[in-house]
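Chemist: requesting a structural model of the entry that follows:
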Amino acid sequence: MSDSTGANNSNSPNSYVFTSESVTEGHPDKVCDQISDAILDAILIRESELAEADYVSPDGERADVKRARVACETLVTEGLVVLAGEIRTQAYVDIERVVRDVIEGIGYNDPTTGFHSNSVGIINTIHGQSGDIAQGVDESFEVQHNIETTDPYELIGAGDQGMMFGYACNETPTLMPMPIFLAHRLAERLTKVRKDGTLPYLRPDGKTQVSVRYVDERPVSVEKILISTQHTADIDVEKQLKPDLIKHVITPVFEQWKIPWNREEVYVNPTGRFVIGGPAGDTGITGRKIIVDTYGGKGRHGGGSFSGKDATKVDRSATYAARWVAKNIVAAGLAKRCEVQVAYGIGMAEPLSLMVDTFNTSNVDETHIAQAVQEVFDLRPGAIIDALDLRRPIFQLTAAYGLFGRELNEFTWENPTRAEALQQAIKRLI
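Modeler: Residues are numbered from 1 along each chain as shown. As a prediction, this is how the structure comes out:
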């Protein structure tokens, strides 16, 4: 990224400003995502433990993490958590304890905030998974229609229909768009300085927003930064909060990632006050931050949410896989930008379609890239689950600060491990 001293060429006809936002883990919608994913993780852990102990239920069902199904939704409001959804498992999980632990971990432990981990009410309406849905996942369309196969991945159908997108670009070290990348890093830092006591007057709820100027589709400068964060009632926004956020949040992030920053427009709590926050100030629901979860609007989205869903739900697993494919394409040097779409039918193992769009940035024909993807990647749901190891209890970790662009050991879809294989496939095709 160029500096902000005139090199941004904002008068260019190919210049525009693109904005993305992130939210902290204390945002009401993200509280819900974390609760839903914590319940999923708890079930995966307990089901695995039972399977290792060779547990068989009274009705003859053997514990098996591969057969666990979770679709858990959460709603939070002042003093209340409501759980709904469909689950199939042999495990008993203390769901109330899971919920309270999540809320405590986020930092809602002040009784004056209207949402406290120890006193919040919990309504649990979770019930069993529909047999109509289960049969298509347990026994795929291909198997039900007598298509002979010994391939185990042909046996597992997609848990829903729909189309999923993945995106990657070479704007940042993690191959993410610059605006959402910076918004996430600011949100992470905002939480860090709250939890480590640097800014003890902060409270869990918060949002960040970054506006980046692009010229000829390349980011050249950061133009505006907006942070809205919950705080105690005794804090002056302009005299204390804004200088503290510039010093302890914005500057460290920009220095760490070597982003030129000349104190462009910074806005902090534009309403002037953000004391009432979290679920006491705004109702939250699972799955309402799917653009924050993905690419901040830079890449397209199929519409499905992620949290609370086990990996047979392709809304989750295929979105991870599409990012994995797109990132490997860019990492392989085949394109500067790439978007991948994959589509499924409920109960069907084979994807219905695959599309690769490189926005005219590829150095080989897109048709060849799509062919190479089909050769290198198996995008059937069962194959995705195994390749990305998606039966591990890692999902609460994904529920805040983005599904993508965080190169953690748990995030297998962020590993460009098949870039070389794509390059070799391209050589064979051209």
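Chemist: so Thr74 lies in a strand, does it not?
Modeler: Yes - counting by DSSP: H, G, I helix; E, B strand; the rest coil, Thr74 falls inside a strand.
Chemist: contacts only, for Ala383.
Modeler: Tyr153 (C-beta atoms under 8 Å, 6 or more residues apart in numbering). For glycine as for every other residue, the C-beta is placed from the backbone atoms N, C-alpha and C.
Chemist: distance check, Ile285 against Thr208.
Modeler: Distance of Ile285 to Thr208, given as C-beta to C-beta, to the nearest Å: 21 Å.
Chemist: ok, the nearest residue to Gly308 once chain neighbours are set aside - contacts?
Modeler: With C-beta to C-beta, 6 or more residues apart in numbering as the criterion, Gly308 has its nearest non-adjacent residue at 3.0 Å, and that residue is Ser36. By C-beta under 8 Å, 6+ apart, the contact set of Ser36 is Cys72, Glu73, Thr74, Gly85, Thr286, Ser307, Gly308, Ala399.
Chemist: let's see that with 7 Å instead.
Modeler: Listed by C-beta atoms under 7 Å, 6 or more residues apart in numbering, the contact partners of Ser36 are Cys72, Glu73, Thr74, Thr286, Ser307, Gly308.
Chemist: so the fourth one touches Gly308, yeah?
Modeler: Yes - with the criterion set as C-beta atoms under 7 Å, Thr286 and Gly308 qualify as a contacting pair; they are 5.5 Å apart.
Chemist: shared neighbours, the two?
Modeler: What both Thr286 and Gly308 touch, as defined by C-beta under 7 Å, 6+ apart, is the set Ser36, Glu73.
Chemist: output the below-cut-off pLDDT ranges for the stretch 1-150 of the chain.
Modeler: Counting by pLDDT under 70, the stretch 1-150 of the chain has low-confidence residues at 1-11, 129-150.
Chemist: just the helices from it, written as ranges.
Modeler: Along the stretch 1-150 of the chain, counting by DSSP state H, counting those that start in this stretch, helices occupy 28-52, 95-106, 131-138, 141-144.
Chemist: the more surrounded of Ile285 and Thr208?
Modeler: The neighbour count for Ile285 versus Thr208, taken as other C-beta atoms under 10 Å, is higher for Thr208 (28 against 19).
Chemist: quick one, phi/psi of the residue of the chain most remote from its centre?
Modeler: Computed with C-alpha atoms, centre = their mean, the residue of the chain farthest from its C-alpha average is Pro58, at 37.6 Å. Dihedral angles of Pro58 (phi, psi; degrees, to the nearest 10) stand at phi -60, psi -30.
Chemist: swap in Leu226?
Modeler: phi -130, psi 130.
Chemist: list the contacts for the residue lying closest to it once chain neighbours are set aside?
Modeler: Spatially, and ignoring its direct neighbours in sequence, Leu226 is nearest to Gln209 (4.0 Å; C-beta to C-beta, 6+ apart). By C-beta under 7 Å, 6+ apart, Gln209 lies in contact with Thr19, Glu21, Ala183, Leu226.
Chemist: repeat that for 10 Å
Modeler: Going by C-beta atoms under 10 Å, 6 or more residues apart in numbering, Gln209 touches 19-23, 179, 182-183, 186-187, 224-228, 267, 296.
Chemist: bridged to it, which residues?
Modeler: Glu21, Leu226 (DSSP bridges).
Chemist: before we move on, what about Arg213?
Modeler: Beta-bridge partners, per DSSP bridges, of Arg213: Val17, Ser221.
Chemist: isn't it right up against Glu265?
Modeler: No - Arg213 lies out of contact with Glu265 (C-beta atoms under 10 Å); the separation is 12.0 Å.
Chemist: quickly list what's touching both of the two.
Modeler: Counting by C-beta under 10 Å, 6+ apart, the contacts common to Arg213 and Glu265 are Val222, Glu223, Lys224.
Chemist: helix or strand for the closest residue to Gly107 other than its chain neighbours, just tell me which one.
Modeler: Using C-beta to C-beta, 6+ apart and skipping residues adjacent in sequence, the residue nearest Gly107 is Pro204, 4.4 Å away. Pro204 is part of strand 202-215 when elements are defined by DSSP states H and E.
Chemist: again, but for Tyr167
Modeler: strand 162-169.
Chemist: list the strands paired with that strand, with their directions.
Modeler: strand 337-344 (antiparallel).
Chemist: could you give the angle of the helix or strand that the partner strand is followed by to strand 162-169?
Modeler: Sequence-wise, the next helix or strand downstream of strand 337-344 (DSSP H and E) is strand 353-357. Computed with axes from the mean of the first three to the mean of the last three C-alpha atoms, to 10 degrees, the direction of strand 353-357 lies at 20 degrees from that of strand 162-169.
Chemist: that older thread, avg pLDDT for the strand holding Pro204?
Modeler: What strand 202-215 shows for mean pLDDT is 97.
Chemist: which positions in that strand come out as buried?
Modeler: 202-215 (16 or more other C-beta atoms under 10 Å).
Chemist: now the strands for the protein?
Modeler: Ranges of strands in the chain, per DSSP state E, are 15-23, 69-77, 80-88, 121-124, 127-128, 162-169, 202-215, 218-231, 265-268, 284-285, 337-344, 353-357.
Chemist: mind putting these into TSV with distance to Ile45?
Modeler: Shown next, in TSV, are the strands of the chain (distance: least, C-beta to C-beta, whole Å):
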stretch	distance to Ile45
strand 15-23	27
strand 69-77	12
strand 80-88	14
strand 121-124	19
strand 127-128	20
strand 162-169	26
strand 202-215	25
strand 218-231	32
strand 265-268	40
strand 284-285	25
strand 337-344	28
strand 353-357	34
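Chemist: fine, thanks again, bye for now.
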